[in-house]
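**Student:** how would this look folded up:
(chains A and B)
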Number of protein chains: 2
Amino acid sequence: MADEVLVGILGKGTVGGAFERLLTERAEMVAEVAGRRPKVTGVLGRKQGDFDEILAASDIIVELIGGTDDARTYVTRALREGRHVVTANKQLVAQHGDELVAAAKEGGAQLRFEAAVAGAIPVIRVVQESLGAIPIEKVFGIVNGTTNYILTEMSRAGLSYEQALAQAQELGYAEADPTDDVGGADAAAKMAILARLAFGAPVSLDDVAYEGIERITPDDLTYAKELGLSLKLLGVAERVGEKKISVRVFPCFLYPGHPLAPIEGPFNAVMVEAPAITEITMSGPGAGGPETASAVLGDVVSVIAGGSPLFEENSRLGIAKDVESAFYLHLEVEDRPGVLAKITQILGEAEVSVRSVVQKGMGDDARLVMVMHEVSEKRFDAALAKIAKLKFLRSPPRSIRVIEEEFV
Amino acid sequence: MADEVLVGILGKGTVGGAFERLLTERAEMVAEVAGRRPKVTGVLGRKQGDFDEILAASDIIVELIGGTDDARTYVTRALREGRHVVTANKQLVAQHGDELVAAAKEGGAQLRFEAAVAGAIPVIRVVQESLGAIPIEKVFGIVNGTTNYILTEMSRAGLSYEQALAQAQELGYAEADPTDDVGGADAAAKMAILARLAFGAPVSLDDVAYEGIERITPDDLTYAKELGLSLKLLGVAERVGEKKISVRVFPCFLYPGHPLAPIEGPFNAVMVEAPAITEITMSGPGAGGPETASAVLGDVVSVIAGGSPLFEENSRLGIAKDVESAFYLHLEVEDRPGVLAKITQILGEAEVSVRSVVQKGMGDDARLVMVMHEVSEKRFDAALAKIAKLKFLRSPPRSIRVIEEEFV
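**Tutor:** As a prediction, this is how the structure comes out:
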């Protein structure tokens, strides 16, 4: 009979429960592929179990509590005392990554967190292991299923943001308090983790500039359709020149043919670009109980099979402050001669180049929807501030980024 | 300074050269992420180097010779003598997998072969490690870039098979002798490897039923477009009931919205379906020199970092002989009353259910293009044999499989 490996589980929620069931059910298979049979030593719930006892009895600690209070204390202690840790806690890894890495080194333990990013899609493993020694240019994608579901429904069924959110909550794709998802904080934490791995830089959550989707209106999606665009909440981590990286989350239009354009509903998808591999795209369902439990099991199997994950910081890359983006601009203006001329003059002075314009009359007013080529965001913002002050504007200008690349 | 790890390279061709350059260029990065610095001990070319000397001097052997003669001897010896082996040789792994696994066990060595399947897409690692303990239902996809390029050009530009092949050869996407690619043997070898890993069964190349794309005509693609379908050469490995699996390669129509439908040109894409994860899709460029070299480097890094890949045979699943498929059927018939009635009668008797029909007159003749629902392939073949004997048929019936699932 195979030797046993002792696994302590922290957390008795949806994911904790799903993982305990999956581990028990698959114990035999784990023994076959990894050489040792996992045995649960204890499960820590709110009113059940004792952390010190579980820690003392375990080789591996699986943290599924969430949050950054108790989870931080438990995980740091476990690593320092030489227990391998598998966690699904993105906020913990994004906010306290440095501390966890230090604790793991101190204890000579492994830290794995595949389940923290992109549900069942093994993006952490791919970035960390397959591409561990390859210089990555860019990692980007749709890393929040809640917002992708909401945007899909707004576009597909013409729902308002509030209606689509309510529907997502009904179906369990959004939580009762959806702030972290719809405001972009959840995606920001995931992108901080991906950027840390892709660029070997100690990126923290504070380095990630993020926006959510709360301001998106059905109008934006209607005009986007006319222009052939689809709207996604994107996380983007990329090199900017030799010494800097940029990590951001923002709603963004994509042209048809872009590999992320067809990703709909609660799905996630991540693209990795590197000269050696051109690009690879991975997609799958976002984080649900079974998907997360399955990602955690993959990590547990790897810990048992031995071998350390490749997680090394090799360079202190700075965070770029100005980056280039293409923009969509939506203006409601008085319908009189000279309006378009004035706007294009301001854009021209800022060296913002216009790619396409759609103008529509609405009584005395007109709607102008413009798509710009890539430009320094600072320059675009300055031009936008000037446009916002024009007297013939009927409402504040609205802008959304656009990924300009076209794919064959 | 980090310890050295000694790497012997077999092969001086495109991939061998690209890998040697990449390894030298990235040696420092490998040392940082994996803990030891790789050093090339020797390169075996046709007229250069001595295998025994390289073997004696190396910790890791990277086999990039190709073929199953010398490569088989070298890899088996290296593994038996305890050297870890990384190979990109799909025919070697597909045809002699059992022997290699036995040699690796005997020598206590690792065998890794990410580069053998799907270019830069890390599908081996994902199936073997992330999903190592998860019961997989189905692995399928586009695993040959040459044929996907040809089919894309036939559909996009209306080229004949011969024209598209000539164009692929000009651009370097097809070899001078394209037999292995266009006939399906290359894809079959890759599917044998994927099936072995996904189902833990010792699948050999002989267990894979395969067809190529040589018989595909521009007509098939024209009618497909009318029906909203796109044509791909698919490799499919799936469970059939409790005790059997089926591993096949065949040209196949996909409905729009299928994640593989937008994969065009020389790209590859693989989907993995399992109850715990629903499905994940991975896509990227097929095997070129840099992509293959990069996949080999990922394996070398994993070997250096330690930990064994999970590669265990746990069950002797049988190969299913009859499976169900949906079909597209193209008939050229005399244009007279009763023809469609006769054909649908034969299909009805065989319990083949028709999903859609397009009929077009051409002078005295008519073309009938029908799409059938899923049915036992044996039953369909029997009906097809009856139809082929009908007097009013102008040319032999042509059938192509269809993946019926629709994706949202």
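**Student:** same for the helix or strand containing A:R77, what does it pack against?
**Tutor:** For A:R77, the host element (DSSP states H and E) is helix A:70-80. Contacts defined by 3 or more CB pairs under 8 Å, 6 or more residues apart in numbering or on different chains; DSSP states H and E place helix A:70-80 against helix A:51-57, strand A:60-63, strand A:84-87, helix A:90-107. (Each C-beta comes from the backbone N, C-alpha and C, glycine too.)
**Student:** looking at those, which has the lowest confidence?
**Tutor:** Ranked by mean pLDDT, those end with helix A:90-107 at the bottom, a mean of 92.
**Student:** In that one, which residues are buried?
**Tutor:** Buried residues in helix A:90-107, counted by 16 or more other CB atoms under 10 Å in any protein chain shown: A:90-97, A:100-101, A:103-104, A:107.
**Student:** Would you map the strands across the stretch 101-250 of chain A?
**Tutor:** Assigned by DSSP state E, counting those that start in this stretch, the stretch 101-250 of chain A shows strands spanning A:111-112, A:138-142, A:209-210, A:230-240, A:244-254.
**Student:** export the next helix or strand after the last one as CSV, just CAs?
**Tutor:** I take that to be strand A:244-254. Downstream of strand A:244-254, the first helix or strand assigned by DSSP H and E is strand A:267-274. The C-alpha trace of strand A:267-274 is given here as CSV (Å, rounded to 0.1, in the frame of the first residue of the first chain):
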residue,chain,number,x,y,z
PHE,A,267,-16.2,32.1,-18.7
ASN,A,268,-12.6,33.2,-18.2
ALA,A,269,-9.8,33.4,-20.8
VAL,A,270,-6.1,34.3,-20.5
MET,A,271,-3.6,35.0,-23.3
VAL,A,272,0.2,34.9,-22.9
GLU,A,273,2.4,36.6,-25.5
ALA,A,274,6.1,35.9,-25.8
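**Student:** I'd like to check the angle between strand A:267-274 and strand A:138-142, please.
**Tutor:** Angle of strand A:267-274 versus strand A:138-142, following axes from the mean of the first three to the mean of the last three CA atoms, to 10 degrees, is 170 degrees.
**Student:** Show me what strand A:267-274 is packed against.
**Tutor:** Strand A:267-274 packs on strand A:138-142, helix A:145-157, strand A:278-285, going by 3+ CB pairs under 8 Å, 6+ apart.
**Student:** What strands flank it, and is each parallel or antiparallel?
**Tutor:** strand A:138-142 (antiparallel), strand A:278-285 (antiparallel) (DSSP bridges).
**Student:** Tell me which residues are up against the longest one.
**Tutor:** In this case it means strand A:278-285. A:118-123, A:126, A:145, A:259-260, A:263, A:266-273, A:291, B:120-122, B:259, B:277-285, B:291 (CB atoms under 8 Å, 6 or more residues apart in numbering or on different chains).
**Student:** between it and helix A:145-157, how many degrees?
**Tutor:** 90 degrees.
**Student:** what's the most buried one of the strands paired with strand A:267-274?
**Tutor:** strand A:138-142 (a mean of 24; mean count of other CB atoms under 10 Å in any protein chain shown).
**Student:** for that strand, what is the average pLDDT?
**Tutor:** 96.
**Student:** Repeat that for stretch A:275-294.
**Tutor:** On average, stretch A:275-294 scores 89.
**Student:** Start and end of that stretch, how far apart?
**Tutor:** 31 Å (CA to CA, to the nearest Å).
**Student:** Check the offset of stretch A:149-167 from the chain's centre.
**Tutor:** Put simply, stretch A:149-167 sits 20 Å off its chain's centre (CA atoms, centre = their mean, to the nearest Å).
**Student:** Give me the distance between the two termini of it.
**Tutor:** Start-to-end, stretch A:149-167 (CA to CA) is 9 Å.
**Student:** ok now stretch A:235-244, how far from the chain's centre?
**Tutor:** The answer for stretch A:235-244 is 16 Å, by CA atoms, centre = their mean.
**Student:** List the buried residues for that stretch?
**Tutor:** A:G235, A:V236, A:A237, A:E238, A:R239, A:V240, A:K244.
**Student:** on that earlier part again, how about a markdown table for the buried residues of helix A:90-107, with distance to chain B added?
**Tutor:** Converted to a markdown table, those look like this (distance: CB to the nearest CB, whole Å):
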| residue | distance to chain B |
| --- | --- |
| A:K90 | 18 |
| A:Q91 | 23 |
| A:L92 | 21 |
| A:V93 | 18 |
| A:A94 | 21 |
| A:Q95 | 24 |
| A:H96 | 22 |
| A:G97 | 16 |
| A:L100 | 18 |
| A:V101 | 13 |
| A:A103 | 19 |
| A:A104 | 14 |
| A:G107 | 17 |
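**Student:** What backbone torsions are found at A:G82?
**Tutor:** Dihedral pair for A:G82: phi 80, psi 10, per degrees, to the nearest 10.
**Student:** mind listing what it touches?
**Tutor:** A:G107, A:G108, A:A109.
**Student:** Excluding sequence neighbours, find me the nearest residue to it.
**Tutor:** A:G107 (4.2 Å; CB to CB, 6 or more residues apart in numbering or on different chains).
**Student:** Report the separation between that neighbour and B:E32.
**Tutor:** 21 Å (CB to CB, to the nearest Å).
**Student:** The stretch 251-400 of chain A against chain B: which residues are in contact?
**Tutor:** Residues of the stretch 251-400 of chain A lying near chain B by CB under 8 Å from any CB of the partner chain: A:257, A:259, A:262, A:264-265, A:274-285, A:290-291, A:293-295, A:297-298, A:301-302, A:305-310, A:312, A:314.
**Student:** could you redo the last one with a cut-off of 7 Å?
**Tutor:** Proximity of the stretch 251-400 of chain A to chain B (CB under 7 Å from any CB of the partner chain) is limited to residues A:262, A:264-265, A:276-285, A:290-291, A:294, A:297-298, A:301-302, A:305-308, A:310, A:312, A:314.
**Student:** so who does A:L340 touch?
**Tutor:** A:L368 (CB atoms under 7 Å, 6 or more residues apart in numbering or on different chains).
**Student:** Report the secondary structure state of it.
**Tutor:** helix (DSSP: H, G, I helix; E, B strand; the rest coil).
**Student:** and the gap between it and A:S356?
**Tutor:** Taken as CB to CB, the span from A:L340 to A:S356 is 13 Å.
**Student:** joint contacts of the two?
**Tutor:** Common neighbours of A:L340 and A:S356 (CB under 7 Å, 6+ apart) do not exist.
**Student:** still on that earlier bit, which of the buried residues of stretch A:235-244 lies closest to chain B?
**Tutor:** Using CB to the nearest CB, A:R239 comes nearest to chain B of these, at 14.8 Å.
**Student:** And what about the residue in chain A sticking out farthest from the centre, helix, strand or coil?
**Tutor:** Most distant from the centre of chain A: A:P337, at 44.3 Å, with distances by CA atoms, centre = their mean. Secondary structure assignment for A:P337 (three-state DSSP): coil.
**Student:** What parts of the stretch 101-250 of chain A come near chain B?
**Tutor:** The stretch 101-250 of chain A comes close to chain B at residues A:A120, A:I121, A:P122, A:R125, A:V126, A:E129, A:S130, A:L131, A:G132, A:A133, A:I134, as judged by CB under 7 Å from any CB.
**Student:** What residue spans form the domains of chain A?
**Tutor:** Using automatic domain parsing, the domain ranges for chain A come out as A:3-116, A:123-285, A:324-403.
**Student:** Tabulate those (TSV), appending distance to B:E114.
**Tutor:** Listed next are the domains of chain A as TSV, based on distance: least, CB to CB, whole Å:
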stretch	distance to B:E114
domain A:3-116	17
domain A:123-285	7
domain A:324-403	29
